[in-house]
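# Below are the sequence and a predicted model; questions follow.
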Amino acid sequence: MDASFLNYLFLILVGFIAGGINILAGGGSLLTLPILIFLGIPPSVANGTNRIAIIIQNIFAVRGFHSKGVSSFPFSIYLALSATVGAVLGAILAVYYIKDDLFNKILGVIMVLIVIYMILNKKKSSEKIVERITGKYLWLGIFAFFFVGLYGGFIQAGVGFIMLLILSSINKISLVKSNAIKVFVALVYSIAAVAVFTHGNAINWKYGLILAIGNASGGWLASRWSVNKGDGFIRKILIVMILVMAVKLWYPNFYTILANKIIELF
């Protein structure tokens with residue numbers, strides 16, 4: 001069988017797993033970005049290529065949540081517009097400036113703090129939560145999501161964790177509903193970010209569209225499944241994925257070394 005065809009199948013499989021992870025919690029790009037680089041795409045181009053899959057994944061995920069009656073309009077539109085402004089600036093940084101390793105380490109610390117917050121914070125059941133999506137809380141959300149977009153446009157990986165934290169802590173929105181808002185916001189600002197990456201010639205469209213097949217399938221199934229599972233299940237997945245990402249940010253080669261050690265045992 002042709003090697004390139006096997007690469008495409010592998011990319012679809014990875015995309016499917018990453019799409020499910022992205023919808024349930026976040027951090028799926030930690031899986032897809034290394035794979036794209038492994039297949040020979042330069043890191044800066046992999047960063048842009050991954051956005052194609054994110055856009056198509058979130059189109060399907062938004063429809064999946066909507067089919068289950070989960071949405072939050074026009075609140076999510078306000079957040080998306082703010083995030084889009086930040087994403088354009090972040091994408092410009094990603095395309096035309098070199099990343100700083102210190103930024104990743106700082107983000108790793110933030111991820112751990114998010115986990116600590118989630119463990120210590122006693123959540124009420126989703127039925128008792130009083131959402132705060134108007135007045136000063138609306139403006140706080142809009143302000144925070146500008147920086148969400150700034151980071152999302154810059155690198156994308158892990159932005160879902162930050163969105164879920166903001167929505168659950170500032171706006172008191174359940175994790176299931178927060179996931180629906182998250183995918184809509186990421187869909188809107190990713191379109192703007194892709195325009196910047198396209199201008200900078202930093203997208204491999206063939207690999208991006210192939211990856212999108214997997215992402216879209218995984219995102220669609222996860223969006224419908226997560227509604228049935230509820231906040232408790234999403235919370236557990238979220239904590240695990242945040243810790244995985246934090247380790248990856250601080251020790252980029254940790255999982256590669258671990259995998260090699262496991263292989264050596266056999």
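Yep, that arrived.
# mind listing the strands for the protein?
Taking DSSP state E as the criterion, the chain carries no strands.
# how close does F147 get to I54?
Separation of F147 from I54 (CB to CB, to the nearest Å): 19 Å. Quick note: C-beta positions are derived from backbone N, CA and C, even for glycine.
# Those two: which has the busier surroundings?
Between F147 and I54, I54 has the larger neighbour count (other CB atoms under 10 Å), namely 32 against 15.
# Identify the residue spatially nearest to the more buried one, adjacent ones excluded.
S190 (5.1 Å; CB to CB, 6 or more residues apart in numbering).
# residues touching that neighbour, list them.
Residues near S190 by CB atoms under 8 Å, 6 or more residues apart in numbering: R51, I54, I55, N58, A87, G152, Q156.
# so which pair among those residues is furthest apart in space?
Using CB to CB, these reach their maximum pairwise distance at N58 and A87, which is 13.3 Å.
# between the two, which one's more packed in?
A87 (35 against 27).
# pretty sure the more buried one contacts G149?
Yes - applying CB atoms under 8 Å, one finds A87 in contact with G149, separated by 3.9 Å.
# what is in contact with those two at once?
In contact with both A87 and G149: Y189, using CB under 8 Å, 6+ apart.
# Where does pLDDT dip in the stretch 51-200 of the chain?
98-108, 110-111, 114-115, 117-119, 121-129 (pLDDT under 70).
# residues contacting the closest residue to S29 other than its chain neighbours?
What sits nearest to S29 in space, not counting adjacent residues and going by CB to CB, 6+ apart, is A157, at 3.8 Å. A157 sits next to G27, S29, L30, L33, M245 when contact means CB under 8 Å, 6+ apart.
# if I look at N204, how far off is G26?
23 Å.
# For the protein, which segments count as helices?
3-24, 29-38, 43-67, 75-96, 101-120, 135-154, 159-169, 175-199, 205-229, 231-250, 254-265 (DSSP state H).
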